[in-house]
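1. 3D, please:
(2 chains)
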Amino acid sequence: MIGAAVWRGPEAAVLTVGAVLVALLAFGIFVAFTGLDPFAVYKVLYLGAFGSRFSIETTLTLAAPIMLTALCVVIPARAGLLIIGGEGALVLGGLGSVLAGVALNGAPASLATPLILLAGAAAGAIWIAIPAALRQFRGVNETISTLLFNYIAIALLNHLVSGPIRDYGQPLKPTSWPIPSAFMIGTIPGLSVHWGLVYGVAACLVAFVVLRQTTFGFALSILGGNLRAAQMAGLPVAALALTAAALGGAAAGLAGAVEVVAVHGAASISLVVGYGYAGILVAFVARQNPLAVVLAALLVGGISASGGLLQRRFGMPDAASTVLEGCIFLAVLGSNSLYGRLRFLQSRSAEVK
Amino acid sequence: MTKQHNRTRRQILIGSGSLMAAGSFLAAAPRPVFATPMTVGFIYEGSKDDFGWNQSHAVGARKIAKETGAKLVEQEKVPETADVERVMESMIQLDGAQVLFPTSFGYWPFILKLAAKYPKVLFVHAGGLWKQGDPANVISYRGYMEEPHYCCGIAAGMMTKTNKIGFVGPKPLYFIFNNCNGFTLGARSVNPKVTSLIIITGDWANPVKDADAVNNLVDQGCDVIISDSDAPKVSIETAERRGVHSCGYHTDLSSLAPKGFVTGAEWNWAKGADFVKAWQTGGKYPNLLIGGFKQDLVAISPFGRSVPDAVKSAVLKARDGFTNDTLKLYHGPLKDNEDHLVLKEGEVIANDDSAFKTKVNFLVEGTQGQTGLKKQ
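-> Predicted coordinates for the structure are as follows:
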C-alpha cells in the first residue's frame, strides 16, 4: 500500500503542492476565525522561515535532522514496512555516538569523528532492525512495535543519563558524559548551519539513486509491492527487509549522532524534540520520494522556525505551527484519493488502458 | 518530559556556590545608550497562565513594559534545550530585542553562551546564579520567599481556629524548608499555640498528590493551608472546596478561592524594570541580586475578603519590618522540632545571609513533620 503511492511524476508533484496550498488555505481560515488577518500571518510565516539570513539558517538547521529521520520511513517503506521508530533510532544514535566519542578519547579527530558518526548510524540501524526481524520472523506488527520502541529508547536514555553514564558536573539536567570537544563538528563555512545539513541532503541523494537505479532498490520495490511475487522470484525476502529497515535506522541514528557532535556535545533528554515524528510527516508529504524529502523537510523546518515568531507577533498559541503541520499532513493524505481521477494529469500509458 | 526540566531548575540551587556569595557585584561595561523605546523579550518554559512560576514572570513582564515603555515580545513553552538558544537569537535578530528575560532556571547555560556572542544585549535570568567571571551583560536575580511566607504565617496564626496550619512542600530542599520555617515562625510570633503540619509530596507539581496532601492536612484539623507546589492551583482549589483558608504562592491566586483566600507569597519580578532602565540609559546595574522585601524582590498578594483588619495590619507591619530590616526571620533562641538548639539567645541571622539560608536543613519548633533528610 505504501509503495503504491511512490513516484508518479508530475501527478504526484501537482497533487502534493496542491494539498500543501489547500492546507495553507485551511490554516488561513482557522486563523481568520481567531480574529487575525491571515495574510499578515502568512507574511510572518514566510519571514520566520525564509525572510532573512537568520531565518533561513534556522530553517536549514531544523530541516537537517528531519531529512535523515524521514529516510527512516522512506527506505523501509520501499520494502513494504511502515516504520515510525525514527525518534527512538535518533536517540540510540545519540547514545551510540556518545559512547564511541568517550571510548575514542585521545584519538585524532579526523579519525574519531567519522567513527562517532558511524557508531551512531550503527546503533540506529540495529535498533530498527530488531522490530523488522520481529515482524519478519515472528509476525509482530512493525508499526506498533517501532512506536513502542520509541518509548523504550527514551526510557533507556533517561536511565543511562541519570546513572551509568551521567556527567555529575552538569547539575541542570541529567546529561551523559560529554564527547571530547575536539571531536565536535563545526558549521559549514559561510553559513551558521552545521554539517548535518550536508549529510542530510547527501543521504537523500544516495537513497534516491540506490532505490531507483540499483537492482537492490528494484528488489525492495518488488518486495514492497507484492511479497508473494518476491518470494516466487527467489528474492532473499528476509535479508532485503532487514537491510531496508537497518538502512532507515542508520539514517535516523546518524541524525542523533549529528545532534550530539554538532549541537549538544552530549546525550540528554534534549535529543527528544520530535525530529523522529516530524520525519514521518515529511516522508508522507514527500510521498516516500527521497528527493522530495529534502523539499518537504525544508517546508516543515521552516514552519517550525517561524512558530515562535507567530507566537510573538500575534499572540498565537505555540500549537499554531503544529496545527499547520497537521493540516498539511491530512491534506496530503487526503489527496491520495485523487490519484488517477484528474484526467489532465494522467500520462499516456495510463490512458491506453 | 518538560516536567523533568522543570524540576531540575531548582536542583542547581542546592549545589550552587554562587548563592553563598550573595551580594551585588556592580558592573559598568561600556555599552550603547538607547534613545528609542526598547524591545524586551520574555521566554517561558511553561504556559504563561499556569497560576505559578511562569505566570509570576508574565505578570512582571507587563509591569516592566508599562514602567519602561518598552515593547514586549513573549514566547511560552520553550524547552530548556538548544531551542531556547534559537528563540533568544530569533528575538534579537528578528524582533530587535535589546533585553531578554529567559525565565526558567535551566536556560542558564544557554544564556551564558549567547551573552558572550551578543554583548549589546542584556540577559536577565531568574535564579541568582551569576558569579565573578560570567559575562557582564548578564543579570541573575531571585527573592527570599521565606519573608512573605512569614507574613502569610502571621495571617494564618491569627485566623486559625484549630491552632493547626498546613504546609505542602514539593521537595526536601533548603528553600522549601526556609519557606516552611517562615510560615511557622510567622504564625507562632502571633499565636504560640499554633502547630504547623508539613507534607512533602516529592513532586514539583503533581495535581493528585497536591490535592491529596491538602485533604490530608484538612482531615488532621488544619484550617489554613499554603502550598509551595510549582502549580499551586489545585491545592488552593481543594482548600476552598474543603472550606478552609488558603495562602498563595508565586503569583496572585486570590481568584481561585474567593471565600477562603488569605494572602500569598509572591515574587516581584517587576524589579527587572530597573535593569531595563539602567541598560537603556547606560546606568549601573547589579549582576547578582538576591533579596527580600528590603530589596523589593518579593511581595504579598492582595488580601482576601475574609481577612479582618487586625490581621491585615499585623501582616503589613511585618512586611514593613522586613523592608526596613528591623525584623529578622531567624533569631535566637531557636530550636528545631527535634529539640536541638539551632540559635542561642541573642544570636541573629541577617535576612540576606544566604550562606546560612542555603544550609537550612531543619524545621523549627512547632512544626509537625520531618525534613526527610538524613541527619549526620
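
2. Quickly find the element holding the closest residue to chain B within the stretch 1-150 of chain A.
-> Going by CB to the nearest CB, chain B is nearest to A:F54 of the stretch 1-150 of chain A, at 4.2 Å. From N, CA and C alone the C-beta is placed, and that goes for glycine too. Using DSSP states H and E, the element containing A:F54 is helix A:53-78.

3. Then B:L100?
-> Using DSSP H and E, the element containing B:L100 is strand B:99-102.

4. And for B:S255, the neighbour number?
-> Residues lying near B:S255 (other CB atoms under 10 Å in any protein chain shown) number 10.

5. which SS class is it?
-> Following DSSP: H, G, I helix; E, B strand; the rest coil, B:S255 is assigned to helix.

6. What residues does the stretch 251-353 of chain A have near chain B?
-> Within the stretch 251-353 of chain A, the positions adjacent to chain B are A:263-264, A:269-270, A:272-273, A:305, A:308-309, A:311-313, A:315, A:318 by CB under 8 Å from any CB of the partner chain.

7. Could you check how many residues crowd around the residue of the stretch 1-150 of chain A closest to chain B?
-> 17.

8. What residue in the stretch 201-350 of chain B comes nearest to chain A?
-> Closest point on the stretch 201-350 of chain B to chain A, by CB to the nearest CB, is B:W204, at 13.3 Å.

9. the helices in the stretch 101-250 of chain B, which residues?
-> B:108-117, B:146-159, B:174-190, B:207-219, B:233-241 (DSSP state H, counting those that start in this stretch).

10. Would you mind finding the most buried of these?
-> helix B:146-159 (a mean of 29; mean count of other CB atoms under 10 Å in any protein chain shown).

11. What is it packed up against?
-> Contacts defined by 3 or more CB pairs under 8 Å, 6 or more residues apart in numbering or on different chains; DSSP states H and E place helix B:146-159 against strand B:164-169, helix B:174-190, strand B:224-227, strand B:245-250, strand B:261-267, strand B:298-300, helix B:309-323.

12. hang on, the earlier thing: sitting in helices, which of the residues of the stretch 251-353 of chain A next to chain B do you find?
-> Within these, residues falling in helices by DSSP state H are A:305, A:308-309, A:311-313.

13. could you dump these to TSV with pLDDT and distance to B:Q98?
-> Formatted as TSV, these follow (pLDDT from 0 to 100; distance: CB to CB, whole Å):
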residue	pLDDT	distance to B:Q98
A:A305	90	22
A:G308	88	18
A:L309	90	18
A:Q311	88	20
A:R312	89	15
A:R313	89	18
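
14. Can you get me a residue count around the closest residue to A:A238 other than its chain neighbours?
-> Excluding the flanking residues, the one nearest A:A238 by CB to CB, 6 or more residues apart in numbering or on different chains is A:Q136, at 5.0 Å. Neighbourhood size, A:Q136 [other CB under 10 Å]: 19.

15. got the residues of the stretch 101-250 of chain B near chain A?
-> Counting by CB under 8 Å from any CB, the stretch 101-250 of chain B sits next to chain A at B:105-106, B:108-109.

16. mind listing what's buried in the helix or strand hosting A:I29?
-> Assigned by DSSP H and E, A:I29 belongs to helix A:10-33. Of all the residues in helix A:10-33, those buried under the rule 16 or more other CB atoms under 10 Å in any protein chain shown are A:11-12, A:14-16, A:19-20, A:22-24, A:26-28, A:30-31.

17. can you check stretch B:287-297 too?
-> B:287-293, B:295, B:297.

18. Who are the packing partners of the lengthiest helix in chain A?
-> Across chain A, the longest stretch assigned as helix under DSSP H is helix A:109-138. When contacts are defined as 3+ CB pairs under 8 Å, 6+ apart, helix A:109-138 sits against helix A:53-78, helix A:86-103, helix A:142-161, helix A:237-258.

19. Try it again at 10 Å.
-> For helix A:109-138, the packing partners by 3 or more CB pairs under 10 Å, 6 or more residues apart in numbering or on different chains; DSSP states H and E come out as helix A:53-78, helix A:86-103, helix A:142-161, helix A:196-213, helix A:237-258.

20. in the fourth one, what counts as buried?
-> Put plainly, it is helix A:196-213. Buried, per 16+ other CB under 10 Å, within helix A:196-213: A:196-197, A:199-201, A:203-204, A:207-208, A:210-212.

21. Let's have the residues you listed in a markdown table, adding distance to A:L160 and pLDDT.
-> Below are the buried residues of helix A:196-213 laid out as a markdown table (distance: CB to CB, whole Å; pLDDT from 0 to 100):
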| residue | distance to A:L160 | pLDDT |
| --- | --- | --- |
| A:G196 | 23 | 90 |
| A:L197 | 28 | 93 |
| A:Y199 | 25 | 94 |
| A:G200 | 26 | 94 |
| A:V201 | 31 | 95 |
| A:A203 | 26 | 95 |
| A:C204 | 30 | 95 |
| A:A207 | 30 | 95 |
| A:F208 | 35 | 94 |
| A:V210 | 33 | 93 |
| A:L211 | 34 | 92 |
| A:R212 | 39 | 90 |
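
22. Quick one: residues contacting residue 315.
-> I went with chain A, as the question did not name one. A:34, A:36, B:74 (CB atoms under 10 Å, 6 or more residues apart in numbering or on different chains).

23. could you do chain B instead?
-> B:148, B:150-155, B:158, B:186, B:190, B:262-263, B:300, B:303, B:307.

24. Recalculate using a threshold of 6 Å.
-> Residues near B:V315 by CB atoms under 6 Å, 6 or more residues apart in numbering or on different chains: B:151, B:154-155.

25. Closest one to chain A out of those residues, please.
-> Looking across the contacts of B:V315 and measuring by CB to the nearest CB, the closest to chain A is B:C151, at 31.5 Å.

26. Output the residues of the stretch 251-353 of chain A next to chain B in TSV, with distance to B:L94 appended to each entry.
-> Formatted as TSV, those follow (distance: CB to CB, whole Å):
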residue	distance to B:L94
A:V263	21
A:H264	24
A:I269	28
A:S270	23
A:V272	27
A:V273	21
A:A305	10
A:G308	9
A:L309	6
A:Q311	12
A:R312	8
A:R313	9
A:G315	16
A:D318	17
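
27. other SSEs contacting the helix holding A:I29?
-> Applying 3 or more CB pairs under 6 Å, 6 or more residues apart in numbering or on different chains; DSSP states H and E, we find helix A:10-33 packed against helix A:38-50, helix A:320-335.

28. Which positions in the shortest one come out as buried?
-> Taking 16+ other CB under 10 Å as the neighbour-count basis, helix A:38-50 is seen to contain the buried residues A:38, A:41, A:44-45, A:48-49.

29. For that helix, C-alpha coordinates in PDB please.
-> Provided in PDB are the C-alpha atoms of helix A:38-50 (Å, rounded to 0.1, in the frame of the first residue of the first chain):
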ATOM      1  CA  PRO A  38      -4.500  35.500   7.600                       C
ATOM      2  CA  PHE A  39      -2.300  37.400   5.100                       C
ATOM      3  CA  ALA A  40      -0.300  39.100   7.800                       C
ATOM      4  CA  VAL A  41       0.100  35.600   9.300                       C
ATOM      5  CA  TYR A  42       1.300  34.200   6.000                       C
ATOM      6  CA  LYS A  43       3.800  37.000   5.700                       C
ATOM      7  CA  VAL A  44       5.200  36.400   9.200                       C
ATOM      8  CA  LEU A  45       5.300  32.700   8.500                       C
ATOM      9  CA  TYR A  46       7.400  33.500   5.400                       C
ATOM     10  CA  LEU A  47       9.500  36.000   7.400                       C
ATOM     11  CA  GLY A  48      10.200  33.500  10.100                       C
ATOM     12  CA  ALA A  49      11.000  30.700   7.700                       C
ATOM     13  CA  PHE A  50      12.800  32.200   4.800                       C
END
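
30. Could you list the residues in contact with that helix?
-> So helix A:38-50 is contacted by A:28, A:31-32, A:55-56, A:59, A:302, A:305-306, A:309, A:313 (CB under 6 Å, 6+ apart).
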